[in-house]
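Visitor: Give me coordinates for this.
(chains A and B)
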Amino acid sequence: MTRQEAEKVLQQRFKLPRFYDEQWETIEKIFKGERVLLIEKTGFGKSLCFQFPATLFDGTTVIFSPLIALMRDQVKKLTALGISAKCINSEQTSEENSQIINEAKSGKIKILYIAPERQENNEWIEATRQMNLKMVVVDEAHCISVWGHDFRPAFRRIINLVKLLPSGLPVLATTATATKRVEQDVAQQIGGNISKLRGNLMRDNFKLFVVKVNSEDEKLIWLGKNLEKLPGSGILYTGTRVATEIYSKWFEHLKISSTAYNAGLDPESRIAIENGLMNNKWKCIISTNALGMGIDKPDIRFVIHTQIPQSPIHYYQEIGRAGRDGQPSYIILFYNTEDKKLPEAFIEGGRPSIKKYEKVIAAVKAELLGERDLMRRTNLKQNQIRIIKADLIEQKIIRQLANKKFEYIFDAPALDTKAFEELRAAKTKDLDSMIQYVETTESRMKFLCDYLGDSSNHTFTNCDNTGEKKIVVQVTPEWTEKLQAFREDYFPELTVESRDSNIVNGVASSYYGVSNVGSALHRSKYEGGGDFPNFLVSLVLKAFRKKFGQEKFDLVVYVPPTSSGDLVKTFATTVAQILKFPISHNLKKQRQTSEQKVFENSYLKSDNVKDAFTLSEPNEVNGKSILLIDDIFDSGATVKEVGRILTTFGAIKIAPIVIARTVGGDLV
Amino acid sequence: MNNEATYWIALAHLPRWGHLKINTLIIKFYHENKISIEEFFNLSESQWRTDYQLDEKQISDLLQAKSELASNAFLAESFFNQGFELIPIVLPGFSKTLKGNLKATHSPAVLYVKGNKKILEEKSIAIVGSRDASEIALKFTDNIAKLASKEYKVVVSGFAKGVDKQALDSAINYKGQSIIVLPQGIMTFDSGFKKYYSQITNGDVLVLSTFFPKAPWRAELAMARNPIIYGLADEIYVAESAEKGGTWSGVVDGLRKQRKIFVRQPTAGEKNANLLLIQKGAVPVDFDGNVVSKAYNTTINEQVSIVQEPNESESIDKKIRSAFNGRPLHANELLAKLGMDWTVKKLTAYLKKLDFIEIVKEKRTNLYKLKGSGDSSQQTLF
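Guide: This is a model prediction of the structure:
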């Protein structure tokens, strides 16, 4: 097929006038059955390079993509063009996925998007044997490389798959963010005489700013004052989920329309938010980096970071979604020297101690274990187990079977800790480069391009070092007061609702680590400081009013203690007296439990409290609404278990309220 | 080699081709024309027709297999990810015992395994018998497995009830090594991998199958597995056989293939077909596996390597084989024929380790000959 002929088809099927040269170059190679690594910036039109040939093949093209949002988005667009495209992912029901698999088997689907994790699914593997496969695409191919910013172990298997594909079957790997090192790593792993095509990565419609601040307050204040002044809608990236919540409440307080998005949301909420973003429903979406990549919205007008990312490549990836339409877009990074600590902690503490690795190896050597049992055997946190298992799989010490269990490999090598050190050194260097981006007095775009191995002679005038006015934060008393008022009126939510319990979401009077609440609790609980101080009572009452207003509860119940005596009893009694609700002293422990804080993961915490409680007056809660009081909320396992027990005794509503909620295990 | 796995899976399971046809093709492209399996698959149809004399039916089978390669890659990836391995017949890791016993006619083109592959290189015995074997047959099995484990011989068994299971459990119990030969595809053996988890991870058990990895258990596969058990073993012991069924037909098949098969000498009044097998040419043995009667005269199959390997000991072995012309030789005669600068002592020590050399006592000296009928060594098959 000549380019001219192809463009005719392009006009009919895709309603696009012509190919860019790099697109056609890629497509020609695909038609020849070659393997190609294509590195082009976001918005270039990489997808067309596989979508176009896929429509001409008499079989199915499979696209591995880690981003469910992006899959959904592309499927929607292709379907609108009358091209049969579907995606299989974990957010659809298994019936939906099975249905799509069946369609693929009978040759009804031209373009099939799947997540790399699907390669672990038996039904999928069975189905592939009956599919007429014509091309394999690896989207976001930087995820293959541990030297990239987003290495994903599931991609390891995709590489193994690609190596097993017969010669002559076209393979396309695409990414918008790859340094030279990542490029080489990816190309080498895919192998098979792969050709590399790299476009230029500069984005001259970006207006790049770095705002140096001295505190978190300055970030909140500048954004409160200026967010509405920015054009269009955009994304605000924070460093943690808690920060996401705080910014979101702050904007809510200021009546700026925004919504929070994080990895913990259920699929329906995510989809609703993605759709809302597409329709400019909010001024901004506040997110940890869970979002960011998947959404194909051409007119994102600003991307703001309140927290410095781990490396320039993370940063380039995250800002990459802005301004795909080529119109001016604001790219703002806040930086307080303190902020370095978070990525540093990720790098330093991101890897568990060698001892923990050895614990996992020993456990897996002794028996075949799933993740849950492994957590129980080792008393390690889930995220640590996941890091360890990925490393051990990478080092060929253990493997994960189709039934998800971990197996020790016969004749496995010893743990190679040198690899960890190398990786840590590389990450530290990346973070240093990110700090250099902040400190540079030269063109910021050029800095990013150089970092990505894209040397450009272009003269840039698109940042606060090259012509744009610098942003300086001015703190006025008016705004300091606004912030203070917000702080006093802000209470963390306890998300505990579940289908099989009448418990509802509750509230905490504060985060544990923030303000003086945590230290007051610690003094009373562990330093013999006597009853909880009065200011905690008024804080809890305030939180109650904010969350539940004038609502009446039939009964106050408190969680019986493990080792800290009557602190909670006394506290709950005071609160009940003030609110004028009757109090029950009949929730009892029917067996000894350990303190929750000794358990590192939620499975062991749940095991610890499972069936630990009972009511000595079984009829007392029947048909009643209950206000449930405890001091500290960590994993929520205790509160949820009490909610379950009270539900079985007939309580119609259980609303938890606690003094403090911990943030990611900061409890000591 | 992993990169070619999809091609090997496709070739090994060409429908209704049979081992000989597949192996003949492998000999031709791999050993004679020296091309890889990938290159073979990428030849044109006309090359298949003219260079390989394939007929239209065969070409259409190959084309079909070729069109399924991409789909099979997904299965192969899942296969490797779960720690299974594939050993094509052309690789040194393929069991030499199996090749020697089954030759191109009966050898499977690939072995699917999980566990310690080195076990395939060890001396091995198979203990076979009924699923509902008598107490004494099970005790015999236990004893033979014990003796074998003491001598570092691997116990090969078929993972059926009765004798098979006893052989495996005993070998494990006596800290010996075992090969489990499956009557099903290796990816359908989850419960077994769970049960023998520690033995497999310790390197004491190798699980092996020759069937398509996802094939479920079928009676035909159980039958087809028997020759593999016999083929993997240097020595075969029959604990108990009925006059029909898997053990019976397996032993009869083995005898027809000229294997030496040891059968437990039954005690008076036992109701089984052991004596019948002895009459058919099997060798009676006592409880400890010692031959109880010399009244047999069967030819023993020779062990032939059907892989060309470049390493030194392999070429010495080849020289040794070709040095014999049918008659037993003294060590110094052999040394002279070989023209090597070894001492006689070194050579005799070396000869004792070779599985294709038999020692014949003549008065007080040892003579050496090729195992089997004493004819000249067979050329490498492929």
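Visitor: Can you pull out the low-pLDDT segments for chain B?
Guide: In the predicted model, chain B carries pLDDT under 70 at residues B:1-2, B:293-314, B:325-327, B:363, B:372-382.
Visitor: Domain parsing of it, as residue ranges.
Guide: Domain segmentation of chain B under automatic domain parsing yields B:2-83+B:102-110, B:116-285, B:312-370.
Visitor: Around chain B, which positions in chain A sit nearby?
Guide: A:119, A:124-126, A:128-134, A:136, A:157, A:160-161, A:163-169, A:365-368, A:399-403, A:407-411 (CB under 8 Å from any CB of the partner chain). Heads up, the C-betas are built off the backbone N, CA and C, glycines and all.
Visitor: What residues does the stretch 1-150 of chain B have near chain A?
Guide: Contact residues, the stretch 1-150 of chain B versus chain A (CB under 8 Å from any CB): B:2-3, B:5-7, B:38, B:41-42, B:66-78, B:80-83, B:115-116.
Visitor: pLDDT weak spots in chain A?
Guide: Under the criterion pLDDT under 70, the flagged ranges of chain A are A:263-264, A:290-295, A:349-350, A:513-515, A:563-564, A:664-668.
Visitor: Next, count neighbours for the residue lying closest to A:N280 once chain neighbours are set aside.
Guide: Spatial nearest neighbour of A:N280, excluding adjacent residues (CB to CB, 6 or more residues apart in numbering or on different chains): A:S233 at 5.0 Å. Residues near A:S233, counting by other CB atoms under 10 Å in any protein chain shown, number 22.
Visitor: Show the contacting residues for A:S233.
Guide: A:277, A:280, A:282-285, A:300-301 (CB atoms under 8 Å, 6 or more residues apart in numbering or on different chains).
Visitor: among those, who's most crowded?
Guide: Neighbour count (other CB under 10 Å) singles out A:C284 as the most crowded of the contacts of A:S233, with 27 neighbours.
Visitor: mind listing what that one touches?
Guide: By CB under 8 Å, 6+ apart, the contact list for A:C284 reads A:227, A:233-236, A:251, A:256, A:258, A:302, A:304.
Visitor: Apply 6 Å and report the result again.
Guide: Contacts of A:C284 were listed using CB atoms under 6 Å, 6 or more residues apart in numbering or on different chains, and they are A:234, A:236, A:258.
Visitor: and what of A:N89?
Guide: A:N89 makes contacts with A:68, A:115, as judged by CB under 6 Å, 6+ apart.
Visitor: before we move on, the earlier item: could you identify which of the domains of chain B is most buried?
Guide: Ranked by mean neighbour count, the domains of chain B are led by domain B:116-285 with a mean of 21 (mean count of other CB atoms under 10 Å in any protein chain shown).
Visitor: B:G185 reaches B:P216, doesn't it?
Guide: No. B:G185 sits out of contact with B:P216 when judged by CB atoms under 6 Å, with a separation of 7.0 Å.
Visitor: how about residue 275, phi and psi?
Guide: With no chain named, the answer covers chain A. Backbone torsions of A:N275, given as degrees, to the nearest 10, read phi -60, psi -40.
Visitor: Oops, wrong one, chain B.
Guide: When read as degrees, to the nearest 10, the backbone of B:L275 gives phi -60, psi -40.
Visitor: ok, for it, nearest residue in space, not its chain neighbours?
Guide: Of all residues not flanking B:L275 in the chain, B:P266 sits nearest, at 5.9 Å (CB to CB, 6+ apart).
Visitor: Let's verify that neighbour: helix, strand, or coil?
Guide: At B:P266, secondary structure determined by DSSP: H, G, I helix; E, B strand; the rest coil is coil.
Visitor: Distance of it relative to B:P284?
Guide: 9 Å (CB to CB, to the nearest Å).
Visitor: likewise B:L277?
Guide: 9 Å.
Visitor: shared neighbours, those two?
Guide: Overlap of the contact sets of B:L277 and B:P284 (by CB under 6 Å, 6+ apart) consists of B:V263.
Visitor: Surely B:W248 touches B:E240?
Guide: No. With contacts counted by CB under 6 Å, B:W248 stays clear of B:E240, the gap being 10.5 Å.
Visitor: joint contacts of the two?
Guide: Here B:W248 and B:E240 have no joint contacts, going by CB under 6 Å, 6+ apart.
Visitor: Output the longest helix belonging to chain B.
Guide: Counting residues, the longest helix found in chain B (DSSP state H) is helix B:135-150.
Visitor: contacting residues around that one?
Guide: Helix B:135-150 is touched from outside by B:125, B:127, B:129, B:155, B:163, B:166-167, B:170-171, B:174, B:176, B:237, B:239-240, B:264, B:287, B:289, with contacts defined as CB under 6 Å, 6+ apart.
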